[in-house]
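In: Here's my sequence, what's the structure:
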Amino acid sequence: MDITSHIEVLKNQRSALLLQLNGLSNETLGFIPDGSNNNILWNLGHILVIPQFHLYSARQLDPHIQQHFIQNYMSGTKPGSINIDLEFKEIKELLLPILDLLKSDFDKGMFKDFKAFGNLDFTSTLELLIKHESGHIAKINQIRTSINTTV
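Out: Sure thing, here's the model as predicted:
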């Protein structure tokens, strides 16, 4: 699969996810089920942050997101006290356009000689990130299901 196909997979995943999340209440977005550390909003923010961190920040390149997103949604963080409405709106507005920026940066050669996670090239890293994102989409669906069964 080429870079364009990988980005299309991400766009399709994210578009479907955004449709599922459309209209959820702040209470639902912020709900942390028993036995979990995170909520829907945190998982969505994590989906935004992880590719930006591993493809840009970890290589000393400027990410296309504000630093506070990285600080709030990196691995090991937990949901904090934030304005859920504002944060959700900002994340939703970034999730799809940021993929076009990734493609543009790739086309400009920013990822030439790219290596991550030991010795993975750019394409292999993107494949890994797609799988990682899919896991967080599954977690979001699991949280949504747990909310629906507890109501």
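In: The most centrally placed residue in the chain: what's it in contact with?
Out: Nearest to the mean C-alpha position of the chain, by Cα atoms, centre = their mean, lies I47 at 1.1 Å. I47 makes contacts with 14, 17, 95, 133, 136-137, as judged by Cβ atoms under 8 Å, 6 or more residues apart in numbering. The way it works is simple: take the backbone N, C-alpha and C, and place the C-beta from them, glycine included.
In: And the pLDDT for S36?
Out: S36 is assigned 89 on the pLDDT scale.
In: Setting aside sequence neighbours, what's the nearest residue to it?
Out: Excluding its sequence neighbours, the residue lying closest to S36 (Cβ to Cβ, 6 or more residues apart in numbering) is I143, at 7.0 Å.
In: Could you report the separation of the residue nearest to the centre of the chain from S124?
Out: 19 Å (Cβ to Cβ, to the nearest Å).
In: same deal with F111?
Out: On the measure of Cβ to Cβ, F111 and S124 end up 12 Å apart.
In: Which of those two has more residues huddled nearby?
Out: Between F111 and S124, counted using other Cβ atoms under 10 Å, the more crowded position is F111 (22 against 14).
In: pretty sure the more buried one belongs to a helix, no?
Out: No - secondary structure of F111 (DSSP: H, G, I helix; E, B strand; the rest coil): coil, not part of a helix.
In: ok so, going back, make a markdown table from the contacts of I47 and add distance to S81 to it.
Out: Listed next are the contacts of I47 as a markdown table, based on distance: Cβ to Cβ, whole Å:
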| residue | distance to S81 |
| --- | --- |
| R14 | 26 |
| L17 | 24 |
| L95 | 23 |
| E133 | 26 |
| H136 | 22 |
| I137 | 25 |
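In: which of the residues you listed lies closest to I32?
Out: Comparing the contacts of I47 against I32 with Cβ to Cβ places H136 closest, at 14.7 Å.
In: these two touch, right, the residue nearest to S36 and N37?
Out: No - taking contacts as Cβ atoms under 8 Å, I143 lies outside contact range of N37: 11.4 Å.
In: more crowded one of the two?
Out: I143 (21 against 11).
In: Could you measure from that one over to P51?
Out: Where P51 is concerned, I143 sits at a distance of 21 Å (Cβ to Cβ).
In: swap in Q66?
Out: 15 Å.
In: out of these two, which sits in the more crowded spot?
Out: Remark: of Q66 and P51, P51 carries more neighbours, 22 against 11, as counted by other Cβ under 10 Å.
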